[in-house]
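S.K.: Need a 3D model of the sequence below.
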Amino acid sequence: MAPQIKITFLGTADQIPSASRNHTAILLTYGGENILVDCGEGAQRQFRKAHLNPCKLTRILITHWHGDHVLGIPGILSTLALSGYNKKLFIYGPSGTKKFIAELLRVFGFRREYEIEVEDVVGRFFETEDFYLEAEKMEHGIPCNAYSFVKKGKIRIDKSKLKKLKIAEGPHLKDLKEGKDMVYQGKKYKVKELTYGEEDVKASFVLDTLDNKRIVPFVKDSDVFVCESEFSDEIKEQAKEHLHMTATQVALIAKKAKVKKLVLTHISQRYEANLDFILKEAKAVFKDTLIAKDFDVVEV
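M.R.: Prediction:
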């Protein structure tokens, strides 16, 4: 069975952490990949509390360089150095990230024996046979990216049909895997009779941005759409002033983009005692919505 995409919410607060919510940090796990989306202050401790090993990290995706999304980076890099991390760590972010990481390493000097590779990205920036990562520019007053992780759909061979037709395993199956008809023991078999298709699986992350026309096409058809929801629609002017979105705006995006599930994060303390207020606002527009809490896990 193909590995699932697992999303662990290590931090779900807005600019100021609360007793129950830490700054933004979201870990996506797929196969051997452990990809951290943002690294708010205290992220290294959140790994410990979640019983996760930070030394399994492979990549960090930075949405933007506001403190509540990046102040945990020096700590996590130091923890890796002190814990025998022996892989190359890849860090991606919006314009300026390469410069900022270089300065951060200069200011927080520590001995490390692992390599860090940093890249300013937009568009599709990393790809394997199984998945790809892409970034899109957002609007938050400073360079800001949204990200999508897309597990590629594949042609799967129906082994029960092979068994029924007494077709043995072997190199002749290569044609089926490539979407071609197959000849076996002199007989032709159509690819559509022996295979089935797996669709792409997509997880999208939009954190801290004004509503803008690039979001819907970027997150379209996402299986899970993780988005900031710091404000309710009753104070939408305040949301606009702070370059954020409201729960209603986010839900409308989810509806237009035809996503399967919406997960709200980056929750303001003003709603901590009454999360249903934000949840009901979003659900009135897009039913399959939930609000993430620290250490919640979503799988797709």
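S.K.: Every contact and neighbour count from this point should use C-alpha atoms.
M.R.: Noted.
S.K.: what sits against Ala257?
M.R.: Residues in contact with Ala257, defined by C-alpha atoms under 8 Å, 6 or more residues apart in numbering, are 216-217, 219-222.
S.K.: List the buried residues of stretch 117-133.
M.R.: For stretch 117-133, the buried set under the neighbour-count rule, 16 or more other C-alpha atoms under 10 Å, comprises 118-119, 121-122, 131-133.
S.K.: Among these, give me the pair with the biggest separation.
M.R.: Taking C-alpha to C-alpha as the measure, the buried residues of stretch 117-133 reach their widest spread between Val118 and Phe131, a distance of 19.9 Å.
S.K.: thinking again about what came up before, by neighbour count, sort out the buried ones in the contacts of Ala257.
M.R.: Listed as buried from the contacts of Ala257 are 216, 219-222; burial here means 16+ other C-alpha under 10 Å.
S.K.: out of those, which one sits closest to Lys180?
M.R.: Closest approach to Lys180 among those (C-alpha to C-alpha): Asp221, at 27.5 Å.
S.K.: Hmm, the closest one is touching Lys256, no?
M.R.: No. Taking contact to mean C-alpha atoms under 8 Å, the distance of 9.5 Å between Asp221 and Lys256 leaves them out of contact.
S.K.: Restricting to C-alpha, output the strand or helix carrying Leu162 in PDB.
M.R.: In this structure, Leu162 sits in helix 159-164 according to DSSP states H and E. Output in PDB follows, covering the C-alpha atoms of helix 159-164 (Å, rounded to 0.1, in the frame of the first residue of the first chain):
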ATOM      1  CA  LYS A 159      -3.000  -8.200  -9.300                       C
ATOM      2  CA  SER A 160      -6.200 -10.000  -8.800                       C
ATOM      3  CA  LYS A 161      -6.900  -9.800 -12.500                       C
ATOM      4  CA  LEU A 162      -3.400 -11.000 -13.300                       C
ATOM      5  CA  LYS A 163      -4.000 -14.000 -11.100                       C
ATOM      6  CA  LYS A 164      -7.300 -14.800 -12.700                       C
END
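S.K.: Number the residues from 50 up from this point.
M.R.: Shifting the count to begin at 50 puts that one at helix 208-213.
S.K.: Downstream of that helix, the next helix or strand is which one?
M.R.: Later in the chain than helix 208-213, the nearest helix or strand by DSSP H and E is helix 223-226.
S.K.: Next, the buried residues of that following helix.
M.R.: By neighbour count, with 16+ other C-alpha under 10 Å as the criterion, the buried positions of helix 223-226 are 225-226.
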